[in-house]
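Novice: Got a sequence here, can you build the structure:
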Amino acid sequence: MPVRHVDGNLLRKVRRAADLTQGEVADRLGVTVPAVVGWESGKSLPDGEKLPALAQALGADLDELFPRSLPPDLADLRCDAGYSQYQTAAITGTRSAGPVANAERGRRRLSEKFLPLLAQAYGVSVEALLAAEERSFSPAPPDAADAPVREPRPEVAPGEPRPGSPGTLSEKLAHLLAETYTAPHPSDAVIAARGNAKVGSAVLSEELVRGLRTGEVEAASDEVLDALAAALAVPPLFFRSDDAEVHRIISGMRLVRGGLAGIAARGGGDGLPAELLDFIGGVVDGMRPR
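Specialist: I've put the predicted structure just below:
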């Protein structure tokens, strides 16, 4: 998508001109000081949905502080309104952010019933929302006649990461939270508390989980990976393997298990047998690195 340009040096100059410390900016945005340091040094980038709040905290215009060279797509409109992807479930009234996530990725267009809801939340017209949707499905500029022809997708050898599959810890966490939860996903604090309870040790903290999720922390010990896996109900192999097929299978099994458990809890499915749920859970939980 057309990402807004973040200039760390400009960010630092504007902050100093506003007579704010890095700590004060961090407090206003609900992030850590190291996060702000990373943004200003260029070592990391703020989440797109944080840019409006960051500009407001610095008393700057969003478009001037974080310029964009192309018109917005759906993800840009969402970020400009200050929403993370998973928060859109509350806007559309769905159990997950799947409808918006699929539209942003150019996979499936938004249902007509969601258009006025999202347009109102994003502060744009339905027409502007539809135009952004078109750009999400056709990311190349319409006048790019001289643009190079896109190369065919290369074949990927077994065991090698496939383009578009989650590779970093941050991408793997984002994939789990966006694709396999049928309700708004748990907060960083809840993930930390749940993982610590599962492994019986204070391995995770809210700050560490947030850092891993946003990419500010790029590596983690086996203890941390085990606690994350326990908190999110996947085998540790999900975080340790770069095999796209492993990610696909584990994600799919987790989604199926969660969906069937939800049906059973609501009394549906004609009383799904416990053996079926145990079998599915066992397949996922039994997967371990070889």
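Novice: ok now do residue 47, which residues does it touch?
Specialist: Residue 47 sits next to 79, 84, 214 when contact means C-beta atoms under 8 Å, 6 or more residues apart in numbering. All C-beta spots, glycine's among them, are computed from the backbone N, C-alpha and C.
Novice: how near is the closest residue to residue 123 other than its chain neighbours to residue 118?
Specialist: Closest residue to residue 123 apart from its sequence neighbours, by C-beta to C-beta, 6 or more residues apart in numbering: residue 81 at 5.9 Å. Distance of residue 81 to residue 118, given as C-beta to C-beta, to the nearest Å: 9 Å.
Novice: Quick check on those two: which one has the bigger neighbour count.
Specialist: residue 118 (25 against 17; other C-beta atoms under 10 Å).
Novice: Helices along the stretch 101-250 of the chain, start to end?
Specialist: 115-122, 126-137, 169-179, 188-199, 206-214, 222-231, 237-240, 244-265 (DSSP state H, counting those that start in this stretch).
Novice: what pLDDT, on average, does stretch 85-92 get?
Specialist: What stretch 85-92 shows for mean pLDDT is 91.
Novice: swap in stretch 113-131?
Specialist: Computed over stretch 113-131, the average pLDDT equals 96.
Novice: mind checking which of the helices of the stretch 101-250 of the chain is nearest residue 106?
Specialist: Across these, residue 106 has its closest neighbour in helix 126-137 (4.5 Å, C-beta to C-beta).
Novice: So which bits of the closest one are buried?
Specialist: For helix 126-137, a neighbour-count test (16 or more other C-beta atoms under 10 Å) marks 129, 131, 132, 133, 135, 136 as buried.
Novice: what's residue 12 in contact with, if anything?
Specialist: residue 40.
Novice: For it, give its distance to residue 127.
Specialist: 38 Å.
Novice: Kindly report the same for residue 116.
Specialist: 11 Å.
Novice: Where does pLDDT dip in the chain?
Specialist: 1-2, 139-167, 179-184, 241-290 (pLDDT under 70).
Novice: which residue is nearest the middle of it?
Specialist: When C-alpha atoms, centre = their mean is applied to the chain, the residue found nearest the centroid is residue 174 (3.9 Å).
Novice: Please determine how far it is located from residue 215.
Specialist: 9 Å.
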